[in-house]
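Chemist: Sequence and predicted structure below; questions after.
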Amino acid sequence: MDRRAAFAAFGLTLLSAACERAEEGKIVLTFPASAVGMEAELLSRQLERFMEEHPDIRVVQRPTPDAADQRHQLYVQWLNARAPDPDILQLDVIWAAEFAAAGWILPLDRFGPPADSFFPQTVRADTWNGRLYALPWFVDVGMLYRRVDLVPEPPPTLDRLIDVALHLAESKAVSYGMVFQGARYEGLVTVFLEFLTAFGGQILDDSGRVVVDSEPAVRALAAMKETIESGAAPRAVLTWQEEPVRFAFQNGEAAFMRNWPYAAPLLGDTGVSRVARRFAVSLFPRAVPEGRPAAALGGSQLAINARTEHPEAAYALIRYLTADRQMLERAEVLGQFPARPALYGDPRLAAALAVDPAEALQIVRHAVPRPVTPLYTELSQILQASLHRSLSGQQEPARALAEAAAEMRRVLVRAGLYAAESIHRPQAHDRL
């Protein structure tokens, strides 16, 4: 379905909402979500169980595009129109602050959500101005995959990772030492975030100041660039997103891969994967003592439309979908990581996941959220362009990050989220 068709279909489904809401004696909630595949089937089963337990509530699913940018655009269109439905929103982890600052979603404080039962990183990503606006549905994290027949133990440092990757590529043990998402899109920022954290850097600091032009950031981008220029990673990664990266590793062409958990069940399928039973996952390693191993945080959150006519019923559904039973079922059927740390000791999770739950827990505990700001999408687009220019050899890391940081500061100043007097600060390239 192309973009115009998706928008038209979504608009038609909303036109019928008013009639459905008038159903005698029932509260009707609308919930946009994926309408294809196993995920849609599982959600339908869980919603049926919810309605059996809550006979006064009917939940109507609204199909939406699976592409995040199209779903975001749909949400923005009808939320700007102050529509009361859909009642519940499935948000990407980087959207929560944007939607909260716009007044599009309800703060959840009044419902008494059990925030301390979720991973603290996910709660931090769903919090804006000290208030919680969404609950995590499932967790996604960046992971380092490796061929255990070639690399039995995970590399302890980033230097060691690059050295081993380069050696294996040069010795022709594999075609590529390491593969990752290097195309100009959001995935590139998540890979950079893991390199950045390995060097002890940040994109925005804890006060919301832009620090992506700091010395640790320049070193991180230089290391990322070196993986390509040295031959540890192929230049082709500059055009690759998740699936080309997965295919290279799954076909036995790469020793290391940076990717998300969705790849693990596919890699374990002996019918299609040449690396089945020959791979393991770990954290992306630290680079310097002041850095730390990291995993970029992804995943989906559930929030309530600020214009809903049924906030209590909407929260009841969110509470149900984020409960232990439903999270474990999503792990069993879809391989998704639960957002509640207590579930990682459940034996059912060990049978469900394609990776060891203890290893998964270790990775999620080191998850790093992207900057929690209403302007994240705009800041990310600026950063994507600068990162890609540097990695493709058009600009040195220090200059690329200095220009990105300057533009990011201007964006934040215009929005009133950054002090104008802070727009210039000593930058790494000034000292090099």
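Modeler: Nice, I can see it.
Chemist: what about the helices in the stretch 301-432 of the chain?
Modeler: For the stretch 301-432 of the chain, applying DSSP state H, counting those that start in this stretch gives helices covering 311-321, 324-334, 347-352, 357-365, 376-391, 397-414, 428-431.
Chemist: Would you reformat those as TSV and include mean neighbour count?
Modeler: C-beta here means a position set from N, CA and C on the backbone, and glycine is covered the same way. Formatted as TSV, the entries for the helices of the stretch 301-432 of the chain read as follows, by neighbours: other Cβ atoms under 10 Å:
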stretch	mean neighbour count
helix 311-321	20
helix 324-334	18
helix 347-352	15
helix 357-365	19
helix 376-391	20
helix 397-414	21
helix 428-431	14
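Chemist: Including mean pLDDT, could those helices go into a markdown table?
Modeler: Written out in a markdown table, the entries for these read as follows (pLDDT from 0 to 100):
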| stretch | mean pLDDT |
| --- | --- |
| helix 311-321 | 98 |
| helix 324-334 | 96 |
| helix 347-352 | 95 |
| helix 357-365 | 97 |
| helix 376-391 | 98 |
| helix 397-414 | 97 |
| helix 428-431 | 43 |
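Chemist: would you turn those helices into a markdown table with distance to Ile27?
Modeler: Putting the helices of the stretch 301-432 of the chain into a markdown table (distance: least, Cβ to Cβ, whole Å) gives the following:
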| stretch | distance to Ile27 |
| --- | --- |
| helix 311-321 | 5 |
| helix 324-334 | 20 |
| helix 347-352 | 32 |
| helix 357-365 | 35 |
| helix 376-391 | 33 |
| helix 397-414 | 41 |
| helix 428-431 | 56 |
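Chemist: So for Arg184, which of these sits nearest?
Modeler: Using Cβ to Cβ as the measure, helix 376-391 is the one of the helices of the stretch 301-432 of the chain that comes nearest Arg184, at 4.1 Å.
Chemist: Just name whatever secondary elements the closest one is in contact with.
Modeler: Other helices and strands packing on helix 376-391, by 3 or more Cβ pairs under 8 Å, 6 or more residues apart in numbering; DSSP states H and E, are helix 96-101, helix 186-198, helix 215-229, helix 397-414.
Chemist: Tell me which residues touch the nearest residue to Glu378 once chain neighbours are set aside, please.
Modeler: Counting by Cβ to Cβ, 6 or more residues apart in numbering, the nearest residue to Glu378 once its immediate chain neighbours are dropped is Val411, at 5.6 Å. Applying Cβ atoms under 8 Å, 6 or more residues apart in numbering, we find Val411 in contact with Leu375, Glu378, Leu379, Ile382.
Chemist: mind checking how far the first one is from Met408?
Modeler: Plainly put, Leu375 is 9 Å away from Met408 if you go by Cβ to Cβ, to the nearest Å.
Chemist: what's in contact with stretch 321-329?
Modeler: Applying Cβ under 8 Å, 6+ apart, the external contacts of stretch 321-329 come out as 42, 46, 50, 135-138, 302, 320, 338-340, 342-343, 346, 348-349, 352.
Chemist: same question but for stretch 217-228, I mixed them up
Modeler: With Cβ under 8 Å, 6+ apart as the contact definition, stretch 217-228 has outside contacts at 158, 162, 165, 178, 182, 191-192, 195-196, 198-199, 201-203, 211, 232-235, 237-238, 287, 387, 390-391, 397-398, 400-401, 428-429, 432.
Chemist: Would you list the buried entries among those residues?
Modeler: The neighbour-count test (16 or more other Cβ atoms under 10 Å) marks 158, 162, 165, 178, 182, 191-192, 195-196, 198-199, 201-203, 211, 232-234, 237-238, 287, 387, 390-391, 397-398, 400-401, 428-429 as buried among the contacts of stretch 217-228.
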